[in-house]
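# After the sequence you'll find the predicted model.
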Amino acid sequence: MRLHLRGVVLPGNDVRDLWVHDGLISVEPVRDAETLCDTGWIVPGLVDAHCHVGLRYGGGDEDRAGAIAQAETERDAGALLLRDAGSPIDTHFIDDHEDLPRIIRAGRHIARPKRYIRELGIELDDERDLPEIVAEQARFGDGWVKIVGDWIDRSVGDLRPLWSDAILKEAIDAAHREGARVTAHVFGEDALPGLIGAGIDCLEHGTGLTDDTIEMMARQGTALVPTLVNIATFPEIADSATKFPVYAAHMRDLHRRVRDTVANAHAAGVPIYTGTDAGGSIRHGRIAEEIDALAGAGLSRHEALGASSWNAREWLGRPGIEHGASADFVVYEADPRIGPEALSAPAYVVLRGRVYPRRDPVTAHR
């Protein structure tokens, strides 16, 4: 397929011409190209950096057909690069589908018994096994490993770290020796100093960040994926935790101050990227909502879009819109930085040079 497009190519503000040939972007004219658009805004393919393809909505493993449907939903929303931050199934088969987003896998969650969602991850009885399992998952994944940093400890009735500081350092060092980066699920405050001090590369959620731990992150270059679409569910989680009133109050407090937390991290220079936490309790295809939520938490709309596009792609080692790169981009009729209405209505999604026109909104997802 040979295509020609003209429009504002973000992150710049200049009107440019682009061509697509053999699935690749060209900045030089391509003969006999069909004009797809002669006006609009062209954005490097969006990134959902915390997404669980293969985790069934409501819980449990998804089958292959269901995982494909989830990936299609992400594609139609413009999310063409997914960092699968832990999946109960092996999704490598999706790589064989040219019509589905690219996935960067982090293997399976690594947790302790009764300290995470049942049967979702690998559960270690002895924390001394963590470095070995982290190295194993590093070899299985695509350059990332996911550990559970904290979870409710029912014996104390509140969030508590899962690992000692010393074993975290050993585990993260083991991942780095394998050439992988490490990220961690973490809600509360107590696990953060140990995770950051051990050299972790990214934090998921990070609702318990304080001025001190934000400073540690900024100094070290640790990234944050705040998953604000997920954090919006904290009051519901608290309402369901009547047996643990301290935990419930803690979750409500983390929710109450999350926008200030993200704004403070952004102001300190912490790299921030978008992730919806789709899968399980969060439906797929909500990347526009996450970008909009970031724009309401201290980032400009241009910065929030960059956190889900050109900046996120660079962070994950994937190209944006450049000559010779895979033709993965989203075309909007209106400037997607003006608000959620424009962002949630792409005119075209182009993946590997193939065009996917706008679809009617999906009301039910697998």
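Cool, got the structure.

# Tell me, how many residues neighbour residue 158?
19 (other Cβ atoms under 10 Å). For every residue, glycine as well, the C-beta is placed using N, CA and C.

# how about the helices of the stretch 1-150 of the chain, start to end?
All helices of the stretch 1-150 of the chain, identified by DSSP state H, counting those that start in this stretch, fall at 64-76, 130-140.

# Rebuild those as a markdown table, extending it with distance to residue 31, mean pLDDT and mean neighbour count.
Formatted as a markdown table, the helices of the stretch 1-150 of the chain follow (distance: least, Cβ to Cβ, whole Å; pLDDT from 0 to 100; neighbours: other Cβ atoms under 10 Å):
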| stretch | distance to residue 31 | mean pLDDT | mean neighbour count |
| --- | --- | --- | --- |
| helix 64-76 | 29 | 97 | 20 |
| helix 130-140 | 44 | 97 | 19 |
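
# between these, which one is nearest to residue 345?
Closest approach to residue 345 among those (Cβ to Cβ): helix 64-76, 11.3 Å.

# Which residue comes closest to residue 245 once chain neighbours are left out?
By the measure of Cβ to Cβ, 6 or more residues apart in numbering, the closest residue to residue 245 outside its immediate chain neighbours is residue 157, 7.5 Å from it.

# I figured the one you found was touching residue 250, is that so?
No. Look at residue 157 against residue 250 with Cβ atoms under 8 Å: they stay out of range, at 9.5 Å.

# any idea how far the nearest residue to residue 340 once chain neighbours are set aside is from residue 164?
Nearest non-adjacent residue to residue 340, counting by Cβ to Cβ, 6+ apart: residue 292, 4.2 Å away. Residue 292 sits 39 Å away from residue 164, taking Cβ to Cβ, to the nearest Å as the criterion.

# more crowded one of these two?
More neighbours surround residue 292 than the other of residue 292 and residue 164, with 21 against 13 (other Cβ under 10 Å).

# Phi first, then psi, for that one.
phi -60, psi -40 (degrees, to the nearest 10).

# what's the spacing between it and residue 237?
22 Å.

# Would you mind giving the helices of the stretch 1-150 of the chain as a markdown table with distance to residue 304 added?
As requested, the helices of the stretch 1-150 of the chain are exported to a markdown table (distance: least, Cβ to Cβ, whole Å):
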| stretch | distance to residue 304 |
| --- | --- |
| helix 64-76 | 18 |
| helix 130-140 | 31 |
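
# just so I know, which of these lies nearest residue 259?
Closest approach to residue 259 among the helices of the stretch 1-150 of the chain is made by helix 64-76 (25.3 Å; Cβ to Cβ).

# and the closest one, C-alpha only, in PDB?
Extracted in PDB, the C-alpha atoms of helix 64-76 (Å, rounded to 0.1, in the frame of the first residue of the first chain):
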ATOM      1  CA  ARG A  64      -6.300 -16.600  22.500                       C
ATOM      2  CA  ALA A  65      -9.400 -15.200  20.900                       C
ATOM      3  CA  GLY A  66     -10.000 -13.000  23.900                       C
ATOM      4  CA  ALA A  67      -6.500 -11.700  24.000                       C
ATOM      5  CA  ILE A  68      -6.700 -10.900  20.300                       C
ATOM      6  CA  ALA A  69      -9.900  -9.000  20.900                       C
ATOM      7  CA  GLN A  70      -8.200  -7.000  23.700                       C
ATOM      8  CA  ALA A  71      -5.300  -6.100  21.400                       C
ATOM      9  CA  GLU A  72      -7.700  -5.000  18.600                       C
ATOM     10  CA  THR A  73      -9.500  -2.700  21.100                       C
ATOM     11  CA  GLU A  74      -6.200  -1.100  22.000                       C
ATOM     12  CA  ARG A  75      -5.300  -0.700  18.300                       C
ATOM     13  CA  ASP A  76      -8.600   1.000  17.400                       C
END
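
# Now do the same contact list for the closest residue in space to residue 278 that isn't next to it in sequence.
Closest residue to residue 278 in three dimensions, ignoring its sequence neighbours and counting by Cβ to Cβ, 6+ apart: residue 284, at 4.4 Å. By Cβ atoms under 8 Å, 6 or more residues apart in numbering, the contact list for residue 284 reads 51, 57, 70, 73-74, 77, 276, 278, 365-366.

# which one of those is nearest residue 340?
Lowest distance from residue 340 to the contacts of residue 284 (Cβ to Cβ) belongs to residue 77, with 12.2 Å.

# residues in contact with the closest one?
Applying Cβ under 8 Å, 6+ apart to residue 77 gives the contacts 46, 284-288, 344, 346.
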